[in-house]
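Visitor: below: sequence and its predicted model.
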Amino acid sequence: MKEVKALYLKELSELDGVSGDEERVRKFIEEKIKDKVDSLKVDVLGNLIAFKKGTRSNRKFVLAAHMDEVGFMVTNIEDDGTLSFGPVGGVDPRVVVGKHVRINGELPGVIGYKAIHLQKKDELLASPKFENLRVHIGARSKEEASRKVELGDYISFATDFRQENSRATGKAFDDRAGCAVLMEVIEQEQRYEDDLYFAFLVQEEPGLRGSAVLFEQVCPDLALVIEGTTAGDDPGLPEHQWATHLGDGPAITFMHRGYVVNKKIYESILQVAQKYDIKHQPKRRTAGGTDAARLAKTGGGVPAGVISVPARYIHSPLSMIDLGDFENTVKLVSKILEEGEGFAR
Amino acid sequence: MIDLIKELTESYGPSGREEEVQKVVLKYLEGHIDGYKFDPVGNLLVWKRGRDDKEVLLDAHIDEIGLVVTNIDDKGFLRVEPVGGVSPYTYVGHRVRFPKAIGVVYYEGETPEEQKKNLSNLTFDNLFVDIGAGDRSEAESLVSIGTFGVYDSYFYKNGNFLTSKSMDDRIGCVVLVEVFRNLKDPRHTVIGSFSVQEEIGLVGAFVSAYSFSPQICVAVDVTDSADHPKGLKRHAMALGKGPAIKIKDKMSISHRKVVELLEQAAQKANVPYQKEVLTFGGTNAAALQRTKEGIPSATLSIPTRYVHSPSETVSLNDVEGAVKLLVSFVDLELEL
């Protein structure tokens, strides 16, 4: 097995791919994995599905991560050359003020706000509203702005990836971290007992949409969803309200919004982690949903599990992960695959 | 039937952990079905073959609301989050039953003022569970993070009224079991789906009909009854007036033709019934009607007081009526 270490995380994080605009991410992944899988296809909705034949092929095992990230869309070009916009996926308007953004993956812009000198006391404490925020691209008129931007254009955060010791910061770890985990598993060029389908999915953030069409194409027997999930180890929260803790290993979900994780899969994940002494933690909050809920509810039903890289400050311009957690997630997923048909049997 | 109701309602089966209840169902169905299977998400599907090639699917969800352990502290106290629509108020001073422990649920407060504030604006973040453990390791020998619990409640009969936890929807499971026990030589193939994970999003019912080809689906579930002091205005449902044929709730509108057939079946079997329009809520019919190319679906409800509390209350007459109505229904010519 080749030695790999957060190989594609930086590039994946810095690519722009707000829900519905995943092409840059898809092309990057496609390019890197195409020679390491048996076949590859892009479906009608834009999901990238890579296939790797198993040595026994008795089960179809889906490993899924979503390519899209939260961001914004231009809703109007104003007379003064600024852009009105709205969120795509769940974004807290308080975290967008004063940030660099990119439009369509290239054009730089900033999200401005009234300077503190001009705000009344009650304004200072209130949360900004998207209808009062604008993206500035340096245009002085609607006409000038219209030469560069169209209504419906995508806006994403423009955050550089950085690494300080064992911690990495960047945007879109939800769920490029998951994509990076899958790519590293592919990179190992191992063949396992089950037929593997690596599904890089679109439009998870606005409503688990890409995963809704997997069943008809693959008819999977089981699935693992790999996510970047919320870390709650925040000084403002009592410890019993923490969802996950950075550095404690991959988070394993027993239940989230709309789905209780298949018991056999949940317990099998824990068993594999214990067997190989891989640091791990249960995800201790049930909020938030993943494509596992959609997979369970489509076609004849796909039992799915969820393993996540804990990330602080997700759905914001900057999130933080622990690279040890990332590596342990790759290790856990690899060991699960090595178990072959013994996993979740 | 009382034994069955007691055993099913007192069984442990929160969403995602329904195996124990499904076993009870299978025990009571022994000798009354032609086959059964568990599908990939855990739905228990049973069937009795009919004389013609048509299929009717009757659904009842087998899961109940509950709590799940999200944290265990140094002193052995637990923190929990709801599984399905659970009000934190129903648990204050009440007990929760885990597979290997029973806990008392209570709320925090370091001053009388804080207690009052927490109680008037109660959330699960203010609740803790005491399972009698002296410290974390003792607690961890009884429960883990991710262990599911249900109301620790028991069944009792008050005249014609029956009270227990999880009438929602074990009473629907009872109706299905009794229908199968009363089928002798059915006209159509009857499929029973004892579906999982309804309370958190109709999970099981989205896929339970996938491997069959039913012409019609009927979900049997509870509905809110407002016949108590200051019950919800605008609602007509009452205990003892017979099973309720649902016209509409928040998540689905019953197929008009199926509603007519249910009414016909009631008249034929001489069963009093009521009609239901619920201004909120939803049942598995919402998922069943969207399966494959679409399946005409409706809901038959058992009016229930105090839904989602440890003391859900139904009338035995309505339950018996529902059984008779459905036995008559599955024998109708199912022309839509």
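Guide: Alright, I've got the coordinates. Numbering: from 1, shown residues only, chains lettered A, B, ... in the order given.
Visitor: CA atoms for contacts and neighbours, from now on please.
Guide: Noted.
Visitor: what about the residue nearest to B:Tyr151 when sequence neighbours are not counted, helix or strand, and which?
Guide: Nearest non-adjacent residue to B:Tyr151, counting by Cα to Cα, 6 or more residues apart in numbering or on different chains: B:Val96, 4.8 Å away. For B:Val96, the host element (DSSP states H and E) is strand B:95-98.
Visitor: which strands and helices sit next to that strand?
Guide: Where contact means 3 or more Cα pairs under 8 Å, 6 or more residues apart in numbering or on different chains; DSSP states H and E, strand B:95-98 is packed against strand B:101-107, strand B:148-151.
Visitor: contacts for the shortest one?
Guide: Outside of strand B:148-151, the residues that reach it under the criterion Cα atoms under 8 Å, 6 or more residues apart in numbering or on different chains are B:12-14, B:17, B:64-69, B:91, B:94-99, B:165, B:310.
Visitor: tell me the strands beside it, with direction?
Guide: strand B:66-72 (antiparallel), strand B:95-98 (antiparallel) (DSSP bridges).
Visitor: mean pLDDT, distance to A:Phe198 and mean neighbour count added to those strands, as JSON lines?
Guide: Formatted as JSON lines, the strands paired with strand B:148-151 follow (pLDDT from 0 to 100; distance: least, Cα to Cα, whole Å; neighbours: other Cα atoms under 10 Å in any protein chain shown):
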{"stretch": "strand B:66-72", "mean pLDDT": "97", "distance to A:Phe198": "31", "mean neighbour count": "24"}
{"stretch": "strand B:95-98", "mean pLDDT": "98", "distance to A:Phe198": "37", "mean neighbour count": "22"}
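Visitor: could the ones you listed go into TSV alongside distance to B:Leu288?
Guide: TSV is the format used below for the strands paired with strand B:148-151 (distance: least, Cα to Cα, whole Å):
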stretch	distance to B:Leu288
strand B:66-72	24
strand B:95-98	31
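Visitor: residues from chain B in reach of chain A?
Guide: B:15-17, B:39-41, B:70-73, B:79, B:81, B:125, B:145-146, B:197, B:200-201, B:203-208, B:210-211, B:292 (Cα under 8 Å from any Cα of the partner chain).
Visitor: show the buried residues in these.
Guide: B:15-17, B:39-41, B:70-72, B:79, B:81, B:125, B:145-146, B:197, B:200-201, B:203-208, B:210, B:292 (16 or more other Cα atoms under 10 Å in any protein chain shown).
Visitor: inside strands: which ones of these?
Guide: B:Thr70, B:Asn71, B:Ile72, B:Arg79, B:Glu81 (DSSP state E).
Visitor: care to break chain A down by domain?
Guide: What automatic domain parsing lists as the domains of chain A is A:9-69+A:171-342, A:71-157.
Visitor: state the distance from A:Leu182 to chain B.
Guide: According to Cα to the nearest Cα, to the nearest Å, A:Leu182 stands 24 Å off from chain B.
Visitor: now do the same contact list for that residue.
Guide: Counting by Cα under 8 Å, 6+ apart, A:Leu182 has contacts A:Leu63, A:Ala64, A:Ala65, A:Phe198, A:Ile226, A:Val330.
Visitor: SS state for it?
Guide: Put simply, A:Leu182 is helix when judged by DSSP: H, G, I helix; E, B strand; the rest coil.
Visitor: tell me the pLDDT of it.
Guide: The model reports A:Leu182 with a pLDDT of 98.
Visitor: try A:Glu3
Guide: 43.
Visitor: what's the answer for A:Lys121, then?
Guide: Reported pLDDT for A:Lys121: 84.
Visitor: list the residues that contact it.
Guide: By Cα under 8 Å, 6+ apart, the contact set of A:Lys121 is empty.
Visitor: do the same with the one 10 residues further on
Guide: Taking Cα under 8 Å, 6+ apart, we find A:Glu131 in contact with A:Ser84, A:Phe85, A:Gly86.
Visitor: so after the longest helix seen in chain B, what's the next helix or strand?
Guide: The single longest helix within chain B, with elements called by DSSP state H, is helix B:167-182. On the C-terminal side of helix B:167-182, the closest following helix or strand by DSSP H and E is strand B:189-195.
Visitor: model confidence over that following strand, on average?
Guide: 98.
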